[in-house]
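1. Here's my sequence, what's the structure:
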Amino acid sequence: MAKYLLLLAIVVLVGFWLAKRYGNRSARSTTAAPPQEEDMVRCEQCGVHLPRSESLLTRGSYYCSPEHQRQHTPPS
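-> Numbers count the residues shown, from 1 in each chain. Got it, this is the predicted structure:
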């Protein structure tokens, strides 16, 4: 009986080892490149933080939308 338990334990350990090895290989192949980092800026009107590329710049101030840009910018 002990021989069978030992054999079963070996089979289970080899199975786990193969599953782990196969799982690591598939995870490595599907890993995407990390997203590019970008500076965050604060909307002068509402204070929300957003990526610089998505903001609107007017007279050195950043805004999250055209509406906030119009509300906060004094008329010229």
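2. Quick check: which ranges of this protein have low pLDDT?
-> In the predicted model of the chain, residues 24-31, 73-76 satisfy pLDDT under 70.
3. mind listing the helices in it by residue range?
-> Along the chain, the segments classed as helices by DSSP state H run 2-29, 66-72.
4. who wins for proximity to His49 among those helices?
-> Among the helices of the chain, helix 66-72 comes nearest to His49, with 13.3 Å by C-beta to C-beta. All C-beta spots, glycine's among them, are computed from the backbone N, C-alpha and C.
5. which residues does Glu54 contact?
-> By C-beta atoms under 8 Å, 6 or more residues apart in numbering, Glu54 lies in contact with Cys64.
6. Distance check, it against Gly23.
-> 37 Å (C-beta to C-beta, to the nearest Å).
7. will you turn the helices of the chain into a markdown table that also has distance to Gln45 and mean neighbour count?
-> Listed next are these as a markdown table, based on distance: least, C-beta to C-beta, whole Å; neighbours: other C-beta atoms under 10 Å:
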| stretch | distance to Gln45 | mean neighbour count |
| --- | --- | --- |
| helix 2-29 | 43 | 9 |
| helix 66-72 | 4 | 14 |
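8. what's the closest of those to Cys46?
-> Nearest to Cys46 among these is helix 66-72 (6.0 Å), distances taken as C-beta to C-beta.
9. For the nearest residue in space to His72 that is not next to it in sequence, which residues are in contact?
-> The shortest distance from His72 to any non-neighbouring residue, by C-beta to C-beta, 6 or more residues apart in numbering, is to Gln45 (4.4 Å). Residues in contact with Gln45 (C-beta under 8 Å, 6+ apart) are Tyr63, Cys64, His68, Gln69, Gln71, His72.
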